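Undergrad: Here's my sequence, what's the structure:
(chains A, B and C)
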Amino acid sequence: MPDPRFYRRAGPFSLADLAGRCGARLAPGADADRVIKDVGTIDTATAGDIVYFADPSYVVALAASQCGACVTTAELAAHVSRCPVLLAADPRGAYAEIAALFYPETSPTVAQSGNIASDAVLAADAVIAPGAVIGAGAAIGARTVIGANAVIGPGVVIGHDCRIGANTTLSYCLVGNRVILHPGVQIGQDGFGFVPTPGGHRKVPQLGRVLIRDDVEIGANSAVDRGVAGDTVIGAGTKIDNLVQIAHNVEIGARCIIVSQAGIAGSCKIGDGVVVGGQVGLADHVTVGDGAQIAAKTGVMRDIGPGEVVMGYPARPIRQFWREIAALSRLTRRDK
Amino acid sequence: MPDPRFYRRAGPFSLADLAGRCGARLAPGADADRVIKDVGTIDTATAGDIVYFADPSYVVALAASQCGACVTTAELAAHVSRCPVLLAADPRGAYAEIAALFYPETSPTVAQSGNIASDAVLAADAVIAPGAVIGAGAAIGARTVIGANAVIGPGVVIGHDCRIGANTTLSYCLVGNRVILHPGVQIGQDGFGFVPTPGGHRKVPQLGRVLIRDDVEIGANSAVDRGVAGDTVIGAGTKIDNLVQIAHNVEIGARCIIVSQAGIAGSCKIGDGVVVGGQVGLADHVTVGDGAQIAAKTGVMRDIGPGEVVMGYPARPIRQFWREIAALSRLTRRDK
Amino acid sequence: MPDPRFYRRAGPFSLADLAGRCGARLAPGADADRVIKDVGTIDTATAGDIVYFADPSYVVALAASQCGACVTTAELAAHVSRCPVLLAADPRGAYAEIAALFYPETSPTVAQSGNIASDAVLAADAVIAPGAVIGAGAAIGARTVIGANAVIGPGVVIGHDCRIGANTTLSYCLVGNRVILHPGVQIGQDGFGFVPTPGGHRKVPQLGRVLIRDDVEIGANSAVDRGVAGDTVIGAGTKIDNLVQIAHNVEIGARCIIVSQAGIAGSCKIGDGVVVGGQVGLADHVTVGDGAQIAAKTGVMRDIGPGEVVMGYPARPIRQFWREIAALSRLTRRDK
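TA: Sure thing, here's the model as predicted:
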């Protein structure tokens, strides 16, 4: 369930109502009056939640899911016995429509007139620099410094002894203790999630958060998107350099080093103590094992095991990379 | 002609006057008293405009141009018959000087004392968050939300139902409806345009705009420069991720996807429905056809046809890229 | 010595006191009561400064240093005769602790209540846009424009005729004349410097500055970190594009061109008139000679000589790069 500090839910809706509003139809025998209270994911849904089922590899997980309904294709519907079904040619697109019904876009950052919302909770010795804007219900811990012209969104929680740089924007996030965010960091904005439709790219509501653990440092002008469902997580003691991109639902372990201009695409899972070099790119859904090292400018399109050291595009073991570079060089000598 | 909402023009100047101020000289027979009212480009100039002619491939276009004068080299001057000529060793540099005469730098963003200029036009239900600054003559449409500490420059027009993120800066731009700009986006600043001179890099006045069509989304900390002359254009429904660079005079079609940390250099033309992967770079003046797909980290230095799928640096057909990767790998095995 | 405009020094401390606080021990015969007033580097230390010595290649420089004490390993201590010694398994880590003792973190940006500090020195014709925050002791020169919601930190000095963009943050820096910083630029934040320790990455205090010479231009959302000790320097007339990363202690010469999304790692030294292409990456401590040209997307891991033109990853002479690309292409044809 999306965090109610950040998201206000509409509904509930009957299953028939949802079908009508998202262009799906009730599967034969589905209970039209079933009350649906929220959107969810197959893994974490409870009895009032509707989920989508678009990938056959989730069939076992779906059988064990507590979800109250699911939207799927006519073809996949044969695999669903445990809950009522909505049928849609594009279950992801239908789910995006449903999620937008439950969470219509609001403008929480602006529901206030002064710079500091009257119900924000500031520690007595927190320091708020000139021009900083603190949203409704936000909480700032002891000795934390909020830089000039920083914007802290509604509901954001920041621990003690943090330094939040000037001109940063934090929204939909929970920040630990002793965290340093340098100027221009942007945390918690929508991830880059769209479903292609005949009418163009349909935006998928982004209903998760960003969790920043203790002792994290994030460099100037870096960006961390919040999760679609679930959270984007930066593990304790991890240090991130300037101009780094962390996409939605990325999970980074403890004590990693992420060098400048690296980009980590959606849903990557990075272990503890990983070093990601400058200008590295990781494709989405890649897993990187503990202690792995990824040389600068490497492009990673497959999982990296614990302790592996890789380089190049596509990423390969670093010795293999250098062997290939040498072989290529010799080749031109032979050519002459 | 530069948009008078953004640029205030000085002049007019006589041709002799311009020659004297930019270190050029009148060609034999040129009318010293010809009144020049503006700078222009060969394609779009009208009778009062001066253009530069530095590339012989424009000789046909120049013959058809409506321009009132041109600055060119002694060598190229032989090809000009239709208008009076100024001679300069470096026509681009002389033109930059002339453009700076017509458009001396002003500081429009600061010609106001309060946060919201008295002549800004705000829809009744537009929402302006704390700390946002709205410049003279700017217009904000219905239900549009301007985030905290955003800076909307003079003359900027934003349509209805837009979400403009916190800590963004918009200048010299016209924004459509339902546009989402995430925090830290910078729109409309000077492009990166210089003419080398013995005294250093001479800045070329950037006199264009940025046009952002309906339903565009631009991710956190991305940057879109305005045109030199003419406009930088982001087509309807195009979605741009975080930390993307869009240089001056780039034209992007409708419904494209531009993934994080991609960079599009000056004057590129990108068709409709193009997918540009993360960390891709396009050299300047490249054309990309409709529906082309450019894999992550690719470096594009040549035109890409419609529907082409390319990868690598330099960009090549994706199958060829993978064949080469395989061949290189085999080579090291043979080498052993 | 760190610039007192930016850093307030604690101490002095006796050598024994420092040893106790940083987990080091006095070497046999070291003067426990020696008064240490500051941290320094081997090259620039004076009699009251303590330095670290962790790299044998500095043994000659150390012999000539004016430092008052040094922290080193038991193994390297044999090479030190000219000053008292502290012994530590990890001299860099111990030095980081000592530096943090002398320069405990303060929050200078917030020691003020209004937007413009009472002791800031503004030229009569400087223009400060709405929302800009000017810190204590900052100085703004004639005709310089500070954009809306920009944040100028304490002690920052900006020359005349500069344009400082909206939503920029400047700290720990001295800026020349006629400098243009585009919106979202972040100057002077901590560099990315950590010492690995069993308890995690220990932050190394960053005690230097950023020096931006006359006629520099820096593009939107670029970041320039300040030096660890000593300064990060951007030479006169150098033009930097959008989203560029300049790490701590980088020194860039005059009249360089650094294209968008390039990244220059720590302590690189770049000569005059160098062209760095888009998305180029330089590893740390690389030296680039005058007039060198580095093609877009190149990854540089070794020094580049004056006038060299390189391309590829790793960087190689541009002709060699293209020969290799051609050979690789032929190889796949042979393979068929």
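
Undergrad: and the stretch 201-336 of chain A, which residues reach chain B?
TA: A:201, A:203, A:221-223, A:225, A:243, A:245, A:247, A:261, A:263, A:265, A:279, A:281, A:283, A:299, A:313-314, A:316, A:320, A:323-324, A:327-328, A:330-331 (C-beta under 8 Å from any C-beta of the partner chain). Glycine gets a C-beta too; all of them are placed from N, C-alpha and C.

Undergrad: change it to 6 Å
TA: By the rule C-beta under 6 Å from any C-beta of the partner chain, the part of the stretch 201-336 of chain A lying against chain B is A:201, A:221, A:223, A:245, A:263, A:281, A:299, A:313, A:323-324, A:327.

Undergrad: Out of these, which is nearest to chain C?
TA: A:Asn221 (5.2 Å; C-beta to the nearest C-beta).

Undergrad: ok now the top helix by length along chain A, how far from the chain's centre?
TA: Identified as the longest helix of chain A according to DSSP state H is helix A:318-335. How far helix A:318-335 lies from its chain's middle: 40 Å, per C-alpha atoms, centre = their mean, to the nearest Å.

Undergrad: Identify each buried residue in it, please.
TA: A:318, A:321, A:323-325, A:327-328, A:331-332 (16 or more other C-beta atoms under 10 Å in any protein chain shown).

Undergrad: Tabulate those in JSON lines, adding columns for distance to chain C and pLDDT.
TA: JSON lines is the format used below for those (distance: C-beta to the nearest C-beta, whole Å; pLDDT from 0 to 100):
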{"residue": "A:Ile318", "distance to chain C": "12", "pLDDT": "97"}
{"residue": "A:Phe321", "distance to chain C": "10", "pLDDT": "97"}
{"residue": "A:Arg323", "distance to chain C": "13", "pLDDT": "96"}
{"residue": "A:Glu324", "distance to chain C": "10", "pLDDT": "95"}
{"residue": "A:Ile325", "distance to chain C": "7", "pLDDT": "95"}
{"residue": "A:Ala327", "distance to chain C": "10", "pLDDT": "93"}
{"residue": "A:Leu328", "distance to chain C": "5", "pLDDT": "93"}
{"residue": "A:Leu331", "distance to chain C": "5", "pLDDT": "87"}
{"residue": "A:Thr332", "distance to chain C": "4", "pLDDT": "87"}
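
Undergrad: Who wins on neighbours among the residues of the stretch 201-336 of chain A next to chain B?
TA: With neighbours defined as other C-beta atoms under 10 Å in any protein chain shown, the most crowded of those is A:Asn221; it has 32 neighbours.

Undergrad: Surely that one and A:Leu243 touch.
TA: Yes. The pair A:Asn221 / A:Leu243 is scored as a contact, 5.2 Å apart, by C-beta atoms under 6 Å.

Undergrad: Phi and psi next, for the closest residue in space to A:Gly93 that isn't next to it in sequence.
TA: Excluding its sequence neighbours, the residue lying closest to A:Gly93 (C-beta to C-beta, 6 or more residues apart in numbering or on different chains) is A:Val195, at 4.4 Å. Geometry field for A:Val195 lists phi and psi as phi -110, psi 130, criterion degrees, to the nearest 10.

Undergrad: and the angle for the longest helix of chain A with helix C:318-335?
TA: Going by axes from the mean of the first three to the mean of the last three C-alpha atoms, to 10 degrees, helix A:318-335 is angled at 90 degrees with respect to helix C:318-335.

Undergrad: Please name every helix or strand in contact with helix A:318-335.
TA: strand A:309-311, helix B:318-335, helix C:318-335 (3 or more C-beta pairs under 6 Å, 6 or more residues apart in numbering or on different chains; DSSP states H and E).

Undergrad: Dump the ones you listed into TSV; add distance to A:Gly29 as well.
TA: Shown next, in TSV, are the helices and strands packed on helix A:318-335 (distance: least, C-beta to C-beta, whole Å):
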stretch	distance to A:Gly29
strand A:309-311	51
helix B:318-335	46
helix C:318-335	56
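
Undergrad: Which one, of these, ends up nearest to A:Ala54?
TA: helix B:318-335 (25.6 Å; C-beta to C-beta).

Undergrad: sorry, back to before: among the buried residues of helix A:318-335, find me the one that's closest to C:Glu105.
TA: A:Ile318 (37.3 Å).

Undergrad: so that closest one makes contact with A:Glu308?
TA: No. Contact criterion C-beta under 6 Å: A:Ile318 and A:Glu308 do not qualify, at 8.9 Å.

Undergrad: quick one: the helices in chain A?
TA: Under DSSP H, chain A gives helices at A:15-22, A:59-64, A:74-77, A:91-102, A:318-335.

Undergrad: list the buried ones in the first one?
TA: It stands for helix A:15-22. Of all the residues in helix A:15-22, those buried under the rule 16+ other C-beta under 10 Å are A:15-19, A:22.

Undergrad: Looking at the buried residues of helix A:318-335, which two lie furthest apart in space?
TA: Applying C-beta to C-beta across these, the maximum distance is between A:Ile318 and A:Thr332, 22.4 Å.

Undergrad: Can you report phi and psi for the closest residue to A:Arg255 other than its chain neighbours?
TA: Spatial nearest neighbour of A:Arg255, chain neighbours left out: A:Gly237 (4.4 Å); criterion: C-beta to C-beta, 6+ apart. Per-residue torsions, A:Gly237: phi 70, psi 0 (degrees, to the nearest 10).

Undergrad: which ones among the residues of the stretch 201-336 of chain A next to chain B are found in strands?
TA: A:201, A:223, A:245, A:263, A:281, A:299 (DSSP state E).

Undergrad: With distance to C:Met1 as extra columns, can I get the helices of chain A in JSON lines?
TA: Shown next, in JSON lines, are the helices of chain A (distance: least, C-beta to C-beta, whole Å):
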{"stretch": "helix A:15-22", "distance to C:Met1": "66"}
{"stretch": "helix A:59-64", "distance to C:Met1": "62"}
{"stretch": "helix A:74-77", "distance to C:Met1": "70"}
{"stretch": "helix A:91-102", "distance to C:Met1": "58"}
{"stretch": "helix A:318-335", "distance to C:Met1": "41"}
